[in-house]
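Q: Pasting a predicted model and its sequence here:
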Amino acid sequence: MATAHRLPPAPQPQLYRFSPMDVATLCLYVAIAGFFAAAGDLVAPFLRQIAPSPAAASYAVNLLFYASVGILALLAARKVVVRDLKVLATRPWFTLLMVPASVIAMMILTAVVVAANGQVETSQNQAGLQALMQQVPAWLMVPLLVVVGPFVEEYIFRHLLIGKLGRRVNIWICCILSVVLFAALHIVGQEAITLTALLPYLAMGATLVFVYMWTGKNVMFSYFVHAAKNLLAVILVYAIPPELFNQMQNVQA
């Protein structure tokens with residue numbers, strides 16, 4: 001049967017109650033993200049003065065943001081992390097096969113929705129990350145984009161918004177909120193919120209919500225999918241010569 005290939009659910013309702021650590025982590029995340037979305041242009045000149053370069057300033061801000069929130073998130077979700085890793089360990093081949101399969105499905109869905117929209121547009125968030133990766137070495141970017149960043153976002157948008165809020169609010173409403181807010185996070189404060197700019201992130205968010213629910217709310221599985229997708233993007237950016245990469249961007253524009 002199809003259900004035999006899915007990971008066994010592990011409800012443990014006590015793990016899905018909001019804790020003071022969850023509230024503190026969420027408040028810190030919203031406060032820092034909101035501050036830079038609203039006042040990022042005001043603090044940018046100051047950061048450029050104390051940092052050796054704009055790239056260094058951008059990297060330092062993102063690293064401090066995700067590292068501080070990530071530490072709190074790991075402390076808050078440590079029991080869920082351990083449980084979900086143990087569940088995945090019971091089906092190692094499932095994890096090894098379905099993580100890359102999920103990334104491929106995400107890429108296909110993204111291509112389909114972007115093609116259906118008829119317009120291709122590189123978001124300011126994506127363009128900024130690509131520019132940053134051209135100036136910061138891979139060994140510094142991988143911990144940020146592949147290890148810490150995806151964990152924080154899966155904790156916030158899957159574990160809290162669906163796993164925990166879903167005990168109080170209709171689960172489908174939580175799933176929709178997870179997809180929409182995840183997409184908006186990557187756009188707000190950087191550019192106008194348009195459907196064209198949101199579509200790639202909506203497709204990514206929808207895929208991550210699907211795999212999270214499909215694996216019985218296993219946040220570590222959705223984290224591995226998210227991290228694998230980001231790792232693939234990092235590899236592609238660093239593998240393509242900057243001159244060719246800039247030409248590709250100009251053609252797309």
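A: Ah, there it is. Residues are numbered from 1 along each chain as shown.
Q: shaky segments in the protein?
A: 1-12, 39-41, 43-44, 120-123, 189-192, 241-253 (pLDDT under 70).
Q: got the residue ranges for the helices in it?
A: 20-50, 54-76, 78-89, 92-117, 124-133, 138-142, 149-154, 171-185, 195-214, 219-239, 242-252 (DSSP state H).
Q: closest to Leu161 out of these?
A: Among the helices of the chain, helix 171-185 comes nearest to Leu161, with 4.6 Å by CB to CB. Yep, even glycine has a C-beta here, placed from its N, CA and C like the rest.
Q: Show me which positions of that closest one end up buried.
A: For helix 171-185, a neighbour-count test (16 or more other CB atoms under 10 Å) marks Cys174, Cys175, Leu177, Ser178, Val179, Val180, Phe182, Ala183, Leu185 as buried.
Q: Report all helices and strands that that helix contacts.
A: helix 195-214 (3 or more CB pairs under 8 Å, 6 or more residues apart in numbering; DSSP states H and E).
Q: neighbouring contacts of the helix it packs on?
A: Outside helix 195-214, the residues that touch it by CB atoms under 8 Å, 6 or more residues apart in numbering are 6, 98, 102, 105-106, 109-110, 112-114, 117, 119, 121, 123-124, 126, 154, 157-158, 162, 175, 178-180, 182-184, 186-187, 191, 218-219, 221-222, 225-226, 229.
Q: Now, of the residues you listed, which are buried?
A: 98, 102, 105-106, 109-110, 113-114, 121, 123, 126, 154, 157-158, 162, 175, 178-180, 182-183, 186-187, 218-219, 221-222, 225-226, 229.
Q: In contact with the nearest residue to His159 once chain neighbours are set aside, which residues?
A: Leaving aside its sequence neighbours, His159 sits nearest to Val219 (CB to CB, 6 or more residues apart in numbering; 4.6 Å). Listed by CB under 8 Å, 6+ apart, the contact set of Val219 reads Ala77, Val80, Val81, Asp84, Glu154, Tyr155, Arg158, His159, Gly163, Tyr212.
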